[in-house]
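*Asks:* got a predicted model here, sequence first, then my questions.
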Amino acid sequence: MEEEARTDTPTQETSAVAPNLGATLLRVAWLAILLGVAMEGLLLVLGAGLGKSLGLESIVADLVRSVSWSVFVCVGLAIGTAVAKAHVPVVGFFGLLAAPTAFEASRALHKGTLEALATTGSSSDSLSPFLVAVIKGLEYGCLGLLIAWVSQRSWGGAAAHVAVGLLVGLVFGGTIVALAMGSTPPPPATDLLTRGVNEVIFPVGCSLVLFSAGALGKRMANKTTP
């Protein structure tokens, strides 16, 4: 009887983990979509305030890129968090893999959308895509490590996640903007400003997405527990 009980326990735990993982990833995906839309709206408002105007086709393509990037990165980090559990380095490894993949996928979707809408991009990146992908990989590898570490601390609430995202955004986003400023020819000041805002704020948003998805999951689990 004891042996039967022991053999049943792993199966029950496995069946319980799969739905929880699926529900968590679904929450992260929806929150990441909202984050991508919000970031694109913020950049459009900022660009309009600086006198930068875009056509409808470019706006749609930029929205596709922003949402796809947000979903791929945040879901990748969420998978790492769920699989790694207490193993902090594994989460960083998932971030290291997810960011370059998300960067290339979002670039491809952006280009495909522009081609489908028969228009051209409003601006071209002066930095090497390979260089940006490498920096993004390091950035979100570090973000994954820090989020995994902070989430295991008793004080690791929303404010701690915001601080982690802001720190990572300032370091790596500042690096990307500095490299863009030193490129030849340098991009317009409006492009540098909007890019800087995006590079700094998005890691904060991604950190909050992961925290919010986890908090919602715990709240729903507490409600269903008798």
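*Replies:* Noted; the coordinates are in hand.

*Asks:* what comes up buried for the helix or strand that residue 203 is a member of?
*Replies:* Secondary structure assignment for residue 203, by DSSP states H and E: helix 189-224. Using 16 or more other Cβ atoms under 10 Å as the test for burial, helix 189-224 gives 191, 193-214. C-beta here means a position set from N, CA and C on the backbone, and glycine is covered the same way.

*Asks:* and that helix, what does it pack against?
*Replies:* In terms of contact count using 3 or more Cβ pairs under 8 Å, 6 or more residues apart in numbering; DSSP states H and E, helix 189-224 is assigned the packing partners helix 2-49, helix 56-84, helix 129-151, helix 158-168, helix 174-181.

*Asks:* pLDDT on the first one, on average?
*Replies:* Looking at helix 2-49 alone, the average pLDDT works out to 70.

*Asks:* same check on the fourth one?
*Replies:* Summarised as a single mean, pLDDT over helix 158-168 is 95.

*Asks:* circling back: quick one: the helices and strands packed on helix 189-224 as CSV, columns for distance to residue 102 and mean neighbour count too.
*Replies:* Supplementary listing: those in CSV, determined by distance: least, Cβ to Cβ, whole Å; neighbours: other Cβ atoms under 10 Å:
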stretch, distance to residue 102, mean neighbour count
helix 2-49, 10, 14
helix 56-84, 3, 21
helix 129-151, 8, 21
helix 158-168, 15, 18
helix 174-181, 15, 16
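
*Asks:* TSV for these, including distance to residue 99?
*Replies:* Output for the helices and strands packed on helix 189-224, formatted as TSV (distance: least, Cβ to Cβ, whole Å):
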stretch	distance to residue 99
helix 2-49	13
helix 56-84	6
helix 129-151	4
helix 158-168	11
helix 174-181	12
